[in-house]
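Visitor: A predicted structure for the sequence below; I have some questions about it.
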Amino acid sequence: MAQIDPGPQGTYHPDMDEKTHEATYNGFTHFTMIATTVVLCHVLVLAIGGIKGGWTTSIVGVIMSLAAGAVGALVPSIGWRAPAAVAALLVVLLILY
């Protein structure tokens, strides 16, 4: 197998597509942040349903968190902030319910 010279700084080789690699990495981190925030919302929803008994509120919370996650995924400038707003609302509901 032939060795490929990594270049003068040992970073990207001209055969690699740096822009595509960076776009893929940025997309992965963007999705991971949104998904983590949506999962946090689902944990809060389970707490509302399990501790406070508000299962109807929990169903609405799941729908809101999924919709906010979709908005965050489709509008990159919003990103994780949309499901984070739902998470903040769910924390308030957990405290006040």
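Guide: Noted; the coordinates are in hand. These figures come from a predicted structure and were not determined experimentally.
Visitor: any idea which residue sits dead centre in the protein?
Guide: The C-alpha lying nearest the average C-alpha coordinate of the chain belongs to I34 (CA atoms, centre = their mean; 1.2 Å).
Visitor: where does this structure have low pLDDT?
Guide: 1-16 (pLDDT under 70).
Visitor: Tell me the buried residues in the longest helix along it?
Guide: Using DSSP state H to define each element, the chain has its longest helix at helix 18-52. Applying a neighbour-count criterion of 16 or more other CB atoms under 10 Å, one finds M33, I34, T37, V38, L40, C41, H42, L44, V45, A47, I48, G49 buried in helix 18-52. In this view, the C-beta of every residue, glycine as well, is placed from N, C-alpha and C.
Visitor: thought the second one was touching G79?
Guide: Yes: counting by CB atoms under 8 Å, a contact exists between I34 and G79, whose distance comes to 6.4 Å.
Visitor: which residues do those two both contact?
Guide: G72 (CB atoms under 8 Å, 6 or more residues apart in numbering).
Visitor: Next, work out how far apart the closest residue to S58 other than its chain neighbours and H42 are.
Guide: Using CB to CB, 6 or more residues apart in numbering and skipping residues adjacent in sequence, the residue nearest S58 is G49, 3.8 Å away. Distance, G49 to H42, by CB to CB, to the nearest Å: 11 Å.
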